[in-house]
Each structure stands twice: as C-alpha cells, then as structure tokens.
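S.K.: dropping the sequence and predicted coords here.
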Amino acid sequence: MPEGRYAVLMDVDTGHDDAFAVLLAARHVDLLGITTVSGNAPLPDTTANTLKVLELAGLSHVPVAAGMDRPLVAPPRHAPAIHGRSGLDGPELPAPRAAPDPRHGVLFMIETVRAHPGCWIVATGPLTNVAVALRQAPDLKTRLAGISLMGGSTAGGNSTAAAEFNIYFDPEAAAVVFESGVPIRMVGLNLTRQALVLDPEVARIRAVGSRLCTVAAELLDFYNRTAREVFGRPGGLLHDPCAVAWMIDPTLVEFQPMHVAVELTGARTRGMTVCDYRFERGTPDRLRGHAGIEAGQAPNAEVGMRLDRDRFFDLLIATLASYR
Ligand code: RIB
Ligand code: CA
C-alpha cells in the first residue's frame with residue numbers, strides 16, 4: 001500500500017450514498033473490509049446491496065460481514081421513501097458471486113482492527129456495530145486511529161426536525177461512540193447538505209459511458225427523484241462520500257473541534273447531536289465563571305463545517321470514471 005493512504009474498515013447500510021462512498025474509498029484508501037448494519041433497509045438488504053456494488057465495480061475480493069440486524073434499544077425505522085424497499089432501488093445490479101464472510105460483522109470488525117492497529121472506521125450508517133464492538137473489545141479504543149462518521153448535524157435533522165437518520169436510528173449506539181474517547185471526525189447534515197447532486201453532475205457521470213457510470217447515473221436518477229418527491233429538493237444529498245473525501249484530500253472539508261453529545265430522552269429531540277461550538281477558539285474554559293453561562297465540555301470530535309463542493313464532485317466523478 002502506498003505510504004500515507006488510510007487503512008479503512010467501512011461500516012455501511014447501503015443505500016445509494018453508501019454505494020458512492022464505497023466506490024470512492026476502494027480507489028483511494030486501503031479498504032480492509034466492509035461490515036453491514038441495519039439502517040436504510042433491513043440487514044439482509046444492506047448486505048446484499050453492498051455485495052452487488054462490489055460486484056459491479058470488480059471488487060468482489062473485498063470481504064463483507066453482516067453485523068447487527070437491529071438497534072440497541074429502539075425498533076428499526078428503515079428509509080424506503082428515500083432508498084426504496086430494497087435500500088438500493090433503481091437499476092438492476094448484478095447478482096453478487098461473493099458470499100458474506102461467515103463471521104458476524106462485529107467479530108469481523110474487532111478482528112480486523114486488532115490486525116491493523118492505526119486503522120480508521122468509516123461509518124456511514126447507524127452506529128450499532130461500532131458501539132457493540134467498542135463495548136465487547138475496549139482495546140479497540142487504543143488501536144483505532146479514529147472514526148470518520150456520517151451522522152448528526154449542527155443544524156437540524158432529516159428524520160425529525162432535530163435528529164439525523166443514522167443517529168436517530170440508534171441513538172444509544174451513537175452515544176457510546178461519541179463518549180468512547182476515540183478520535184472522531186463527524187460529517188453531519190450541516191456539511192452534507194452542501195453535497196447536493198444536481199442534473200449537471202448526473203449528466204457528467206452518464207456521459208462517461210462505462211457500465212459502472214451508467215448504473216451510477218441510474219442510481220442517482222432514482223435518488224434524485226425521491227429527494228424531489230419527499231423533501232422538495234432539486235436533488236439528492238451525497239452524504240456518505242463526505243466521510244471518505246477528506247481522507248483523500250484534506251482540503252475538501254473544513255473541520256471545527258467541538259463537544260458533541262447525543263440526546264436520548266428529549267420528547268422532541270431524541271437522537272439530536274447537541275454540538276457545542278459557542279467558543280470559536282481555544283477550550284470551554286473561556287466560558288467558565290460567567291454568570292448564566294454553562295461552561296460545557298472539552299471537544300470530543302472534529303465536525304465538518306464547509307465542503308468544497310465543486311472539487312468534491314470532480315474527485316467523485318473522476319473516481320467513478322476510473323472503473324471500467
Ligand atoms: O441521514 C443520511 C444518512 O442516513 C446517510 O448515511 C444515508 O445513507 C442514511 O443512512
Ligand atoms: Ca448510509
């Protein structure tokens with residue numbers, strides 16, 4: 001592996017944007033494997049979808065292991081309105097030749113991180129697998145270089161007014177991860193709303209003319225259609241690739257340190273990521289001792305605030321074009 005490339009285990013709930021995150025990662029990081037989790041669709045579907053995307057890209061050598069099939073506490077709330085019943089509706093994808101790894105995804109995650117100290121987890125779905133792995137194997141906290149996760153928001157949700165889907169699906173798991181002490185890079189909706197994919201980008205992808213890019217464009221045709229129907233937005237949001245893009249080019253995303261806590265009990269705010277960035281620089285100590293101001297806690301995450309949209313899409317489209 002060329003020097004300086006990140007070693008990455010992905011944890012996904014494939015879904016349309018997860019698929020693009022996998023295709024981006026496979027070309028630019030040392031992709032150690034993929035674990036799947038219940039989220040956009042039930043676990044059998046997110047697992048099958050992940051295997052199909054790898055088959056399409058000629059990446060069926062990448063191991064895939066199915067993880068947790070439900071959240072820690074809440075009942076699963078899938079997203080068929082956005083991703084379709086299968087979780088990856090739109091074009092027909094090739095039946096995968098590869099079968100999932102026989103190990104449970106959590107065991108696969110634990111063994112992979114232990115075998116590759118200094119690796120990262122890129123989580124683009126609910127954090128159930130990651131939380132269970134951290135609980136079952138606390139030594140992962142010192143073996144992981146970090147967790148790059150798509151989830152949460154500094155500015156409003158999508159599943160509810162306050163909560164983003166991946167966190168809302170399993171808030172208890174998200175709390176375990178944010179409280180773990182593992183270095184976290186969070187790309188939330190406040191950032192991924194900048195990754196709006198519009199007709200010109202779809203046209204650029206379709207114009208490549210390869211089998212993969214033709215399928216990718218058809219996936220986006222479906223994804224953009226549901227975004228218009230459900231949210232009245234002109235296109236879909238490519239949330240998950242943002243959790244990978246900064247690893248490839250750190251100038252694509254500007255991060256800001258802040259403390260992030262997951263609300264678990266609020267009647268209207270369960271699953272909200274409460275992001276404290278009241279202080280622009282330094283630490284929450286600046287807030288101490290002022291009447292009427294709670295000082296807050298030291299940062300536990302770097303949160304993405306600004307995306308270079310044009311260069312993000314240039315990277316993504318060039319990467320998609322690199323597949324045959
Ligand atoms: O809120 C967006 C996130 O939820 C993305 O990861 C999407 O794939 C869904 O999992
Ligand atoms: Ca996802």
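M.R.: Structure's in. What do you need? All values reported here derive from a predicted model rather than from experimental measurement. Ligands and ions are numbered 1, 2, ... in the order given.

S.K.: contact residues of this structure facing ligand 1?
M.R.: Proximity of the chain to ligand 1, by CB under 6 Å from any ligand atom, involves residues 13, 15, 17-18, 39-40, 124-125, 150, 158, 164-166, 239-240. Bear in mind the C-beta positions are built from the backbone N, C-alpha and C, glycine included.

S.K.: which of those are buried?
M.R.: For the residues of the chain next to ligand 1, a burial check counting by 16 or more other CB atoms under 10 Å picks out 13, 15, 17-18, 39-40, 124-125, 150, 158, 164-166, 239-240.

S.K.: what about the residues you listed, which are in helices?
M.R.: Under the assignment DSSP state H, these contribute 17-18, 165-166 to helices.

S.K.: how many neighbours does residue 37 have?
M.R.: Neighbourhood size, residue 37 [other CB atoms under 10 Å]: 33.

S.K.: separation between the closest residue to ligand 1 within the stretch 201-324 of the chain and ligand 2?
M.R.: Relative to ligand 1, the nearest point of the stretch 201-324 of the chain is residue 239 (4.2 Å; CB to the nearest ligand atom). Distance of residue 239 to ligand 2, given as CB to the ion, to the nearest Å: 7 Å.

S.K.: grab the nearest non-local neighbour of that residue.
M.R.: Of all residues not flanking residue 239 in the chain, residue 192 sits nearest, at 4.0 Å (CB to CB, 6 or more residues apart in numbering).

S.K.: neighbours of residue 245, how many?
M.R.: By the criterion of other CB under 10 Å, residue 245 has 29 neighbours.

S.K.: excluding chain neighbours, what is closest to it?
M.R.: The shortest distance from residue 245 to any non-neighbouring residue, by CB to CB, 6+ apart, is to residue 252 (4.8 Å).

S.K.: and for residue 202?
M.R.: residue 220 (4.8 Å).

S.K.: for the one you found, give its distance to residue 90.
M.R.: Going from residue 220 to residue 90 by CB to CB, to the nearest Å gives 8 Å.

S.K.: now do residue 318
M.R.: Applying CB to CB to residue 318 and residue 90 gives a distance of 22 Å.

S.K.: compare the two (neighbour count), which wins?
M.R.: The neighbour comparison of residue 318 against residue 90 (other CB under 10 Å) goes to residue 90, with 20 against 12.

S.K.: show me where the protein has strands.
M.R.: For the chain, applying DSSP state E gives strands covering 7-12, 30-36, 64-66, 120-123, 146-150, 184-187, 196-197, 236-237, 253-262, 273-276, 301-307.

S.K.: now the fifth one against strand 301-307, angle please.
M.R.: Relative orientation of strand 146-150 and strand 301-307, computed by axes from the mean of the first three to the mean of the last three CA atoms, to 10 degrees: 50 degrees.

S.K.: give the other helices and strands that strand 146-150 contacts.
M.R.: strand 120-123, strand 184-187, helix 242-248 (3 or more CB pairs under 8 Å, 6 or more residues apart in numbering; DSSP states H and E).
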